[in-house]
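Asker: mind looking at a prediction? Sequence and model below.
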Amino acid sequence: MTMQRWLVPLTLPLLLGTAAPVADVQPGEEAEAATAPAIVRADLDPLVTALFEDEGVGETRAVIVVQDGEIVAERYAPGYSADMRYISWSMAKTVTAILVGFLVEDGRLDLDAPAPVPEWQGENDARRHITLRHLLHMASGLDHTEVNDPIWDSDTNRMLFTSGAGDMAGYAVARPLEANPGDKYEYSSATTVILSRIIADTLTDSEDPGARAAAYRRFAYQRLLGPADIHSLYFEFDAQGTQIGGSLIHATARDWARLGEVLRTGSAADGTEIISPAWRAFMLTPSPRNPEYGGQTWLNRPGGPYDSPTLFPGHGPDTIFSLVGHLGQYVVVSPEQRLTVVRLGNTPDAQRRAVVDRLARFFDA
């Protein structure tokens, strides 16, 4: 029988205190977790086990369950531990939206003004009507194709890995319109990279990639990561110093849980406000063109444009929301139930429904 690591911090400070150091360990290598092993809470045992062992769920690497601010279950697959960073994929989009919110609250950006993208400001360029709100709602109207067949022939893969990789935001903003701004929902990692460049442009006049990246990191730490006691989070940037805000952030499972808790309450563990009620409400309000999508955040609502909902409407409260990433990354939060569930792993998109169905059980329990 394969042995699994089971870890349950028994006291609140293990979640809300200083994050454990991040070891230089690659997946598949053995690494000891920073905390003493304990047992999972008995009523959660079958729910956690299902995410690791049920047929069809793919590879689950880490699960953390937090209730009322305290970790009540934590488990890692062999070769993974509490000391390792886990990739966000599209969970990064929600982090980007939080940072945009700080600048809106500061009066440095305006949700309904034309988005500050110089390439769109020509007198006859219809893209100058795209607003920050449109971008946050994935309704810019830009011709961005997230997934295509063949797989390489999509804007996401061209931007991340081939012709657009040197200047990802440059690639994204250069795309033409395919619909009037605000008229059409279309999920797009390229859209969020545009938001990341807008953040950097607002923070610094420098064109030096290193200076731009440093300004972005400093702002994120001062306004979000430091107050939230999140110390493992690592941003990736392109060659222009633009954070790859739609796809590439890395953090420990516990720090993903901390982020979920900040989104649940709007505050740090000590009660200090981090995300304002107004901005949190914006992120969690259904957007006009997709009721299951808010401000770069997935909502547990029916009526989305896809054959299958992204979350699980009908299970748990409709106030549940989630960070969602490629290959089955989830930070699912239920404010009413004071519950956050983190699942990290590697599950092909065709199998993700099995993971979602098992996550729903935590919120029905």
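Answerer: Received it, and whenever you're ready, just let me know what you need. Numbering: from 1, shown residues only.

Asker: and Phe161, what's its pLDDT?
Answerer: As predicted, Phe161 sits at a pLDDT of 79.

Asker: what residues are up against it?
Answerer: Residues counted as contacts of Phe161 (C-beta atoms under 8 Å, 6 or more residues apart in numbering): none. (Each C-beta comes from the backbone N, C-alpha and C, glycine too.)

Asker: ok, so what distance separates it from Asp155?
Answerer: 11 Å (C-beta to C-beta, to the nearest Å).

Asker: with Tyr187 instead?
Answerer: For Tyr187, the distance to Asp155 - C-beta to C-beta - is 11 Å.

Asker: with Val95 instead?
Answerer: Going from Val95 to Asp155 by C-beta to C-beta gives 21 Å.

Asker: which of those two has more neighbours?
Answerer: A count of neighbours by other C-beta atoms under 10 Å puts Val95 above the other of Val95 and Asp155, at 26 against 22.

Asker: wait, doesn't that one sit right on Leu259?
Answerer: Yes. Using C-beta atoms under 8 Å, Val95 is in contact with Leu259, at 7.2 Å.

Asker: which residues do those two both contact?
Answerer: With C-beta under 8 Å, 6+ apart, Val95 and Leu259 have common neighbours Leu323.

Asker: in the stretch 51-200 of the chain, which ranges drop under the pLDDT threshold?
Answerer: 146-153 (pLDDT under 70).

Asker: so what strands line up beside the host helix or strand of Gly345?
Answerer: Taking DSSP states H and E as the criterion, Gly345 maps to strand 339-346. Paired strands of strand 339-346, with direction, are strand 59-67 (antiparallel), strand 329-334 (antiparallel) (DSSP bridges).

Asker: distance from the chain centre to the last one, please.
Answerer: On the basis of C-alpha atoms, centre = their mean, to the nearest Å, strand 329-334 is displaced by 9 Å from the centre of the chain it belongs to.

Asker: quick one: mean pLDDT for that strand?
Answerer: In the prediction, strand 329-334 has an average pLDDT of 98.

Asker: may I have that strand as PDB, with CA atoms only?
Answerer: Output of strand 329-334 as PDB, limited to C-alpha atoms (Å, rounded to 0.1, in the frame of the first residue of the first chain):
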ATOM      1  CA  GLN A 329      -6.300  23.900  -9.300                       C
ATOM      2  CA  TYR A 330      -9.000  25.100  -6.900                       C
ATOM      3  CA  VAL A 331      -9.400  27.400  -3.900                       C
ATOM      4  CA  VAL A 332     -13.100  27.100  -3.200                       C
ATOM      5  CA  VAL A 333     -14.600  29.500  -0.500                       C
ATOM      6  CA  SER A 334     -18.000  29.500   1.200                       C
END
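
Asker: follow-up on the earlier one: run through who's touching the strand holding Gly345.
Answerer: 51, 57-67, 77, 86, 253, 256-257, 260-261, 264, 327-334, 355, 359, 362-363.

Asker: what about the helices in the chain?
Answerer: 13-16, 45-53, 92-105, 132-136, 155-161, 168-173, 189-203, 209-220, 226-228, 253-265, 277-283, 352-364 (DSSP state H).

Asker: so how far is the fifth one from its chain's centroid?
Answerer: With C-alpha atoms, centre = their mean as the basis, the distance from the averaged C-alpha position of helix 155-161 to the chain average is 18 Å.

Asker: where does the prediction get shaky in the stretch 251-365 of the chain?
Answerer: Those would be none, if you go by pLDDT under 70 across the stretch 251-365 of the chain.

Asker: CA atoms of the strand holding Gly345 as CSV?
Answerer: Extracted C-alpha coordinates of strand 339-346, given in CSV (Å, rounded to 0.1, in the frame of the first residue of the first chain):
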residue,chain,number,x,y,z
LEU,A,339,-15.1,27.2,4.8
THR,A,340,-12.2,27.2,2.4
VAL,A,341,-11.1,24.1,0.5
VAL,A,342,-7.9,23.9,-1.5
ARG,A,343,-7.2,21.2,-4.1
LEU,A,344,-4.0,21.2,-6.1
GLY,A,345,-2.9,18.7,-8.7
ASN,A,346,-2.8,17.6,-12.3
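
Asker: buried ones in it?
Answerer: Within strand 339-346, the residues that count as buried by 16 or more other C-beta atoms under 10 Å are Leu339, Thr340, Val341, Val342, Arg343, Leu344, Gly345.

Asker: adding distance to Tyr293 as columns, could you present these in TSV?
Answerer: Below are the buried residues of strand 339-346 laid out as TSV (distance: C-beta to C-beta, whole Å):
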residue	distance to Tyr293
Leu339	21
Thr340	20
Val341	20
Val342	21
Arg343	20
Leu344	22
Gly345	23
